[in-house]
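**Q** missing the sequence, but the structure's below:
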């Protein structure tokens, strides 16, 4: 068991509440558990749910919907291996997408939960890093991986960094990219400008990657229509 995928609603109202990846099941359901043997084929649902985040025009919210109408064709092509590289692209995008809320932490049940859907390999390979060895990286993917390495380099220099944890982008943003309030101006300023800047660069580049590498296939298989 890897975590819980929320892929709720056919529309894009309140999109962040309708899609996420979590370590445990959400109280109101509307999702499914993902496992090591099936998670790749489920990630396109998560990717489809992020469409409005990177295409925010009001016309898109009104005319585009999420769908499963192409499911038969999709599962046939998954089984044949035709979509192997696309599924890895979805995984790569998921590892760098902020709404992937997987974290590493010590639970109140005394169990350690490790984020397996991220690129941090300081404590050994993750499931994602192992599978992504099969991704035939193009120039965009190589650039994004370099940006990730820059993000992680600065994350390791923060005071709150815990070398025992395996970090994804969201956990870095939420726990390490801290801000302080200027006593004179009252403005909030990042404690680690280099890390904050690298995260912004990643967000901008992942938008272009998503729209060029992921979205066309989502429309082809009617995850979006």
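**A** Cool, the structure landed. Since we're looking at a predicted model, the values are computed, not measured. Residues are numbered from 1 along each chain as shown.
**Q** return the helix or strand in the protein with minimum mean pLDDT.
**A** Across the helices and strands of the chain, mean confidence by mean pLDDT, DSSP states H and E is lowest for helix 15-18: a mean of 69.
**Q** how much space separates the nearest residue to residue 89 once chain neighbours are set aside from residue 161?
**A** Using Cβ to Cβ, 6 or more residues apart in numbering and skipping residues adjacent in sequence, the residue nearest residue 89 is residue 213, 5.4 Å away. In short, each C-beta sits where N, CA and C put it, glycine included. Residue 213 is 31 Å from residue 161, where distance means Cβ to Cβ, to the nearest Å.
**Q** comparing these two, which residue is more hemmed in?
**A** Shown here are residue 213 and residue 161; by other Cβ atoms under 10 Å, residue 213 has more neighbours (18 against 15).
**Q** and the more buried one, what does it touch?
**A** When contacts are counted by Cβ atoms under 8 Å, 6 or more residues apart in numbering, residue 213 touches 89, 93, 140.
**Q** phi, psi of the residue nearest to residue 89?
**A** Here is the backbone geometry of residue 213 (degrees, to the nearest 10): phi -100, psi -30.
**Q** relative to residue 184, how far out is it?
**A** Computed as Cβ to Cβ, the residue 213 to residue 184 distance reads 45 Å.
**Q** over to residue 1?
**A** Taking Cβ to Cβ, one finds residue 1 at 50 Å from residue 184.
**Q** same question for residue 141.
**A** Taken as Cβ to Cβ, the span from residue 141 to residue 184 is 44 Å.
**Q** so between the two, which is more surrounded?
**A** Neighbour tally, residue 141 and residue 184, criterion other Cβ under 10 Å: the higher count belongs to residue 141, 18 against 6.
**Q** quick one on the thing from earlier: which SSE is immediately downstream of the least confident helix or strand of the chain?
**A** strand 19-22 (DSSP states H and E).
**Q** ranges for the strands of the chain?
**A** Assigned by DSSP state E, the strands in the chain fall at 3-7, 19-22, 31-34, 105-106, 112-113, 179-181, 188-190.
**Q** quick one: which of those is nearest residue 155?
**A** Residue 155 sits nearest to strand 188-190 of all those, at 12.6 Å, using Cβ to Cβ.
**Q** tell me what the closest one is packed against?
**A** strand 179-181 (3 or more Cβ pairs under 8 Å, 6 or more residues apart in numbering; DSSP states H and E).
**Q** pLDDT score for the residue of the chain positioned farthest from its centre?
**A** Among residues of the chain, the one most distant from the C-alpha centroid is residue 184; the distance is 37.1 Å, by Cα atoms, centre = their mean. Looking at residue 184, its pLDDT is 78.
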